[in-house]
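Trainee: structure here, sequence nowhere to be found:
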């Protein structure tokens, strides 16, 4: 593996370990990989913001949205400082309060993180876990052949698989000829491949279910769609989710085949932000009650944020509560009240290249190439983005999704056989 791949997969391993009890002793052998993965996530969150003026707010945001433990935050920032990704770290009362960022573009970011991971002398277990995740992300492999194909210590494989399956980094499907292993990143990073495999080799019911997602990116998935629920739970379908005010988790399935592979693989943090916004917008569209909105209104909200002459919404008493999700995704900041003597906040778009691209991706996914234009006022924008308490990334949605009905292995047989025959995609 090259250093770029190692840095990228450290972040992916951290994404999976977010599904494991953080106090579990089983995570100890993966400590260095988890730290570098956290550093990658924080670096991607702050990239382009230049000055981080409230590091304690970032600490809370990183803990809530990225599962970067409060106690690990300082260590993560110091690791970024050593890499030259942040500088001018200021402390007060023993806490980091401010720093500036100079995070490079993703090609350099992951390559340097991979070097930092190597410099920490990762354990054999860490090296093998990163290698396994990277290999399975390129396609499934029969379990009996995994050690030889991936180049793993056969005696270590059972332990790796146990942790890999607990963290959802490794998925298993039982086939007539034996178990097959794969990574959800195979589906996440190759949605067009997965969609085509389902269409060409899957059962007709599966093909129809995936066709519905192709027809509406961000399709809400409920109890009436058990096949999509199972595809999400199996890690074959991206599904960001929004926690609604009543505490229920609402997944929104996406099959972003219109995006290039580099974005799906090497720039996943941008895609994560786009999916967070997509899920939030679809939530407002389908679950807004009397405020349900048509697609052109969703586009108008995005255009309002992208407009360099606007980029903000006028202060309102409920902004901090209603915009919590897009704030947690790092797309907006809460600026001071623009009214003299006012005490409310002003949601302001954080205009960085990453955030601008994330909004444009969300726009493309909603429109599917259709030119939808419209106007929207602050009140309508607030209604559109007001639903949802928190965003759940696809890896975590997969972990928390439980299908109401299970399909038989036979329904997946053609898909898995075809995937096995593809070999390494790269």
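Mentor: Ah, there it is. None of the values given here were measured: they were computed from a predicted structure.

Trainee: which helix or which strand is home to the residue nearest to residue 203 when sequence neighbours are not counted?
Mentor: Residue nearest to residue 203 in three dimensions, not counting chain neighbours: residue 411, with 4.3 Å by C-beta to C-beta, 6 or more residues apart in numbering. From N, CA and C alone the C-beta is placed, and that goes for glycine too. Element membership of residue 411 [criterion: DSSP states H and E] is helix 409-422.

Trainee: list the buried ones in that helix?
Mentor: Neighbour-count burial for helix 409-422 flags 411-416, 418-420 (criterion: 16 or more other C-beta atoms under 10 Å).

Trainee: any chance of TSV for the residues you listed, columns distance to residue 364 and pLDDT?
Mentor: As requested, these are exported to TSV (distance: C-beta to C-beta, whole Å; pLDDT from 0 to 100):
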residue	distance to residue 364	pLDDT
411	31	74
412	30	75
413	34	77
414	31	80
415	27	84
416	31	81
418	28	84
419	27	85
420	32	82
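
Trainee: pick the one among those closest to residue 269.
Mentor: residue 419 (26.4 Å; C-beta to C-beta).

Trainee: give me phi/psi at the closest residue to the closest one other than its chain neighbours?
Mentor: The shortest distance from residue 419 to any non-neighbouring residue, by C-beta to C-beta, 6+ apart, is to residue 140 (5.2 Å). Main-chain dihedrals, residue 140, degrees, to the nearest 10: phi -70, psi 160.

Trainee: and what of residue 96?
Mentor: Dihedral angles (degrees, to the nearest 10) for residue 96: phi -70, psi 130.

Trainee: quick one: contacts for the residue nearest to it when sequence neighbours are not counted?
Mentor: Closest residue to residue 96 apart from its sequence neighbours, by C-beta to C-beta, 6+ apart: residue 55 at 4.6 Å. Residue 55 makes contact with 77, 95-99, according to C-beta atoms under 8 Å, 6 or more residues apart in numbering.

Trainee: how about the residues you listed, which pair is most distant?
Mentor: So, the contacts of residue 55 by C-beta to C-beta: farthest apart are 95 and 99, at 12.0 Å.

Trainee: about what we covered before: you'd agree the residue nearest to residue 203 is up against residue 206?
Mentor: Yes - between residue 411 and residue 206 a contact is recorded at 6.3 Å, counting by C-beta atoms under 8 Å.

Trainee: need the strands for the stretch 201-350 of the chain, in chain order.
Mentor: Along the stretch 201-350 of the chain, the stretches classed as strands by DSSP state E, counting those that start in this stretch are 219-220, 241-243, 249-253, 332-336, 345-349.

Trainee: kindly report the same for the stretch 1-150 of the chain.
Mentor: Under DSSP E, counting those that start in this stretch, the stretch 1-150 of the chain gives strands at 51-52, 86-92, 95-101, 141-142.

Trainee: returning to what we had before: more crowded one of residue 95 and residue 99?
Mentor: When neighbours are counted by other C-beta atoms under 10 Å, residue 99 comes out ahead of the other of residue 95 and residue 99, with 21 against 12.

Trainee: and the residue lying closest to residue 32 once chain neighbours are set aside, how far from residue 114?
Mentor: Leaving out its chain neighbours, the residue that sits closest to residue 32 by C-beta to C-beta, 6+ apart is residue 120, at 4.4 Å. Distance of residue 120 to residue 114, computed by C-beta to C-beta, to the nearest Å: 11 Å.

Trainee: more neighbours: those two, which one.
Mentor: Taking neighbours as other C-beta under 10 Å, residue 120 and residue 114 compare with residue 114 leading, 23 against 15.

Trainee: does the more buried one touch residue 33 like I think?
Mentor: No - Residue 114 is not in contact with residue 33 according to C-beta under 8 Å; the separation is 11.0 Å.

Trainee: overlap in contacts of those two?
Mentor: residue 10.

Trainee: show me what contacts the most centrally placed residue in the chain?
Mentor: When C-alpha atoms, centre = their mean is applied to the chain, the residue found nearest the centroid is residue 272 (4.0 Å). Contact analysis of residue 272 by C-beta under 8 Å, 6+ apart lists 240, 329, 393.

Trainee: by neighbour count, which of those wins?
Mentor: residue 240 (27 neighbours).

Trainee: I'd say it and residue 276 touch.
Mentor: Yes - contact criterion C-beta under 8 Å: residue 240 and residue 276 qualify, at 6.2 Å.

Trainee: got the angle for the lengthiest helix in the chain vs strand 249-253?
Mentor: The longest helix of the chain (DSSP state H) is helix 268-286. Going by axes from the mean of the first three to the mean of the last three C-alpha atoms, to 10 degrees, helix 268-286 is angled at 110 degrees with respect to strand 249-253.

Trainee: now helix 268-286, how far from the centre of its chain.
Mentor: 10 Å (C-alpha atoms, centre = their mean, to the nearest Å).

Trainee: before we move on, the earlier item: dump the residue contacts of the residue nearest to residue 419.
Mentor: Counted by C-beta under 8 Å, 6+ apart, residue 140 has contacts 173, 180-182, 186, 416, 419-420.

Trainee: repeat that for 7 Å
Mentor: 180-182, 186, 416, 419-420 (C-beta atoms under 7 Å, 6 or more residues apart in numbering).

Trainee: okay, it: pLDDT?
Mentor: At residue 140, the model reports a pLDDT of 90.

Trainee: that one and residue 236, how far apart?
Mentor: Between residue 140 and residue 236 the distance is 11 Å, computed by C-beta to C-beta.

Trainee: mind listing the helices for the stretch 301-426 of the chain?
Mentor: 319-322, 324-328, 353-367, 378-385, 394-400, 409-422 (DSSP state H, counting those that start in this stretch).

Trainee: how about the secondary structure of residue 153?
Mentor: coil (DSSP: H, G, I helix; E, B strand; the rest coil).

Trainee: any idea how many residues pack against it?
Mentor: 13.

Trainee: could you do residue 359 as well?
Mentor: 21.

Trainee: my guess is it meets residue 305, correct?
Mentor: Yes - the criterion here is C-beta atoms under 7 Å, and residue 359 meets it with residue 305 at 6.1 Å.
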